[in-house]
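S.K.: Predicted model follows, preceded by the sequence.
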Amino acid sequence: MSFKRDRLSIFVDGNNMFYAQQKNGWFFDPRRVLTYFTSDPSVSLINAFWYTGLKDSQDQRGFRDALISLGYTVRTKILKEYYDDSSGRYSQKANLDIEIVVDMFNTVDQYDRVILFSGDGDFERAIELLRSKNTHITVVSTEGMIARELRNATDRYIDLNDIRDQIEKNDNSFE
């Protein structure tokens, strides 16, 4: 008799999570995130993706190399500068939503469950479509940064602060 393994893929919207962590005043450890979500022996991690914007090709090099050594597939895009008329300031943004959705659908046959680290409401339609394919979706974000439509579209919502003890970066963990 064999038991069915729960095939899991994790997608981390790095820029969105940076601001969520900054808002909370603490940062999570990418290694502990993997450990936390795969601690159940019936769970098999299929993919872990990390998406982040870069100032230039060398930006975050050590961090990206460390993510890769942990088993993450790292997707990057160079930040674009935008001028905000209302504030009169320039801001930088690298929107990787399309890359995240493409990877979700390109690998959909490989997993049964998704953990999406993002609060971005732009993912609502993708989540609805994945759920229609009997995929269980968990969204991880934080209060004040999770779009209502995303929270309503998901099977389960986890606030980062509720799992802080299990995933927080500490001094001797991942750099």
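M.R.: Nice, I can see it. Residues are numbered from 1 along each chain as shown.

S.K.: contacts and neighbour counts: CA atoms only from here.
M.R.: Noted.

S.K.: and D59, how many residues sit next to it?
M.R.: D59 has 12 neighbouring residues, counting by other Cα atoms under 10 Å.

S.K.: Surely it is in a strand?
M.R.: No - D59 is assigned coil when assessed by DSSP: H, G, I helix; E, B strand; the rest coil, not a strand.

S.K.: Quick one: residues contacting it.
M.R.: D59 makes no contacts at all, as judged by Cα atoms under 8 Å, 6 or more residues apart in numbering.

S.K.: Look through this protein and tell me its longest strand.
M.R.: strand 43-54 (DSSP state E).

S.K.: buried ones in that strand?
M.R.: For strand 43-54, a neighbour-count test (16 or more other Cα atoms under 10 Å) marks 43-45, 47-54 as buried.

S.K.: from the middle of its chain, how far away would it be?
M.R.: Distance of strand 43-54 from the chain centroid (Cα atoms, centre = their mean, to the nearest Å) equals 7 Å.

S.K.: Please name every helix or strand in contact with it.
M.R.: strand 6-13, helix 14-24, strand 73-78 (3 or more Cα pairs under 8 Å, 6 or more residues apart in numbering; DSSP states H and E).

S.K.: To F105, which of those lies closest?
M.R.: Counting by Cα to Cα, F105 lies closest to strand 6-13 out of these; the figure is 11.4 Å.

S.K.: Tell me which strands the closest one pairs with, and in which orientation.
M.R.: Using DSSP bridges, the strands paired with strand 6-13 are strand 43-54 (parallel), strand 113-117 (parallel).

S.K.: Single out the most deeply packed of the helices and strands packed on strand 43-54.
M.R.: Neighbour counts (mean count of other Cα atoms under 10 Å) averaged over each of the helices and strands packed on strand 43-54 peak at strand 6-13, with a mean of 21.

S.K.: Using a markdown table, lay out the helices and strands packed on strand 43-54 together with mean pLDDT and distance to I146.
M.R.: Converted to a markdown table, the helices and strands packed on strand 43-54 look like this (pLDDT from 0 to 100; distance: least, Cα to Cα, whole Å):
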| stretch | mean pLDDT | distance to I146 |
| --- | --- | --- |
| strand 6-13 | 97 | 13 |
| helix 14-24 | 94 | 9 |
| strand 73-78 | 97 | 22 |
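
S.K.: To which secondary structure element is the residue nearest to L70 when sequence neighbours are not counted assigned?
M.R.: Closest residue to L70 apart from its sequence neighbours, by Cα to Cα, 6 or more residues apart in numbering: R31 at 6.6 Å. Assigned by DSSP states H and E, R31 belongs to helix 30-37.
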